[in-house]
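Enquirer: take this sequence and fold it.
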Amino acid sequence: RLLGVIMVDDVVDVIDEEAEEDMLKMGGVGTDDMHAPPVRTVRLRAPWLLVNVATALVASFVIGQFEGTIEKIVILAALMPIVASMGGNAGIQTVTVTVRALAMGELTAANAFRFIAKEAVVGSMNGVIFAALLAAGVVGLFGDWRLGGVIGTAMICNLLAAALAGSLITLGL
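Expert: You can find the predicted model right below:
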């Protein structure tokens, strides 16, 4: 006995809704987040914010190790936010790609290592590209190739670290 018809567009709608729900859950945000009680929203978002605080503390510790150098070369204090901002943006890009791949079932235990390696290569390549641009700008503005080299190296290391952290932390959570 025929009870009804399921059309292809109905199936696609359900798939889209499920994928969106999975991505929101992985980001610590539920589909009903707008209408959820504040305590529930805090509970969902807190793990991601805790990871953010932990990584910020690590970054602060690393910067603290160079306190003497920063005192001697004050311009580093002005250039550090550029490197940090680029790392943050690169990390968010990696997190987004990782969450989407997990939600769509494209990222599994079988291909996780290859995915992480690819993201590390992408982070390194972006690091080299933007290191060259930033280093050239620093050399042009301040006439110091050593400062340009330091900032360029920091950019490469930061974008690589952002790619690794964005994929590994997301997979861990």
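
Enquirer: quick one: list the elements packing against the lowest-mean-pLDDT helix or strand in the chain.
Expert: Lowest mean confidence among the helices and strands of the chain (mean pLDDT, DSSP states H and E): helix 8-26, at a mean of 78. Helices and strands touching helix 8-26, by 3 or more CB pairs under 8 Å, 6 or more residues apart in numbering; DSSP states H and E, are helix 75-103. C-beta: built from backbone N, CA, C; applies to glycine.

Enquirer: angle of whatever helix or strand comes next after the helix it packs on against helix 75-103?
Expert: Using DSSP states H and E, the next helix or strand after helix 75-103 towards the C-terminus is helix 112-142. In terms of direction (axes from the mean of the first three to the mean of the last three CA atoms, to 10 degrees), helix 112-142 departs from helix 75-103 by 160 degrees.

Enquirer: quick check: buried residues in helix 112-142?
Expert: Along helix 112-142, these residues count as buried under the neighbour rule (16 or more other CB atoms under 10 Å): 112, 115-116, 119-120, 122-124, 126-127, 130-131, 134-135, 138-139.

Enquirer: pull the CA atoms of the least confident helix or strand of the chain into CSV?
Expert: Listed next in CSV are the C-alpha coordinates belonging to helix 8-26 (Å, rounded to 0.1, in the frame of the first residue of the first chain):
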residue,chain,number,x,y,z
VAL,A,8,14.9,13.9,-3.9
ASP,A,9,14.8,17.6,-2.8
ASP,A,10,13.3,16.4,0.5
VAL,A,11,16.2,14.0,1.0
VAL,A,12,18.7,16.8,0.2
ASP,A,13,17.0,19.1,2.7
VAL,A,14,17.3,16.5,5.4
ILE,A,15,21.0,15.9,4.6
ASP,A,16,21.7,19.6,4.7
GLU,A,17,19.9,20.1,8.0
GLU,A,18,21.8,17.1,9.6
ALA,A,19,25.2,18.4,8.3
GLU,A,20,24.5,21.9,9.7
GLU,A,21,23.4,20.4,13.0
ASP,A,22,26.6,18.4,13.2
MET,A,23,28.8,21.4,12.4
LEU,A,24,27.1,23.5,15.0
LYS,A,25,27.5,20.8,17.6
MET,A,26,31.2,20.4,16.9
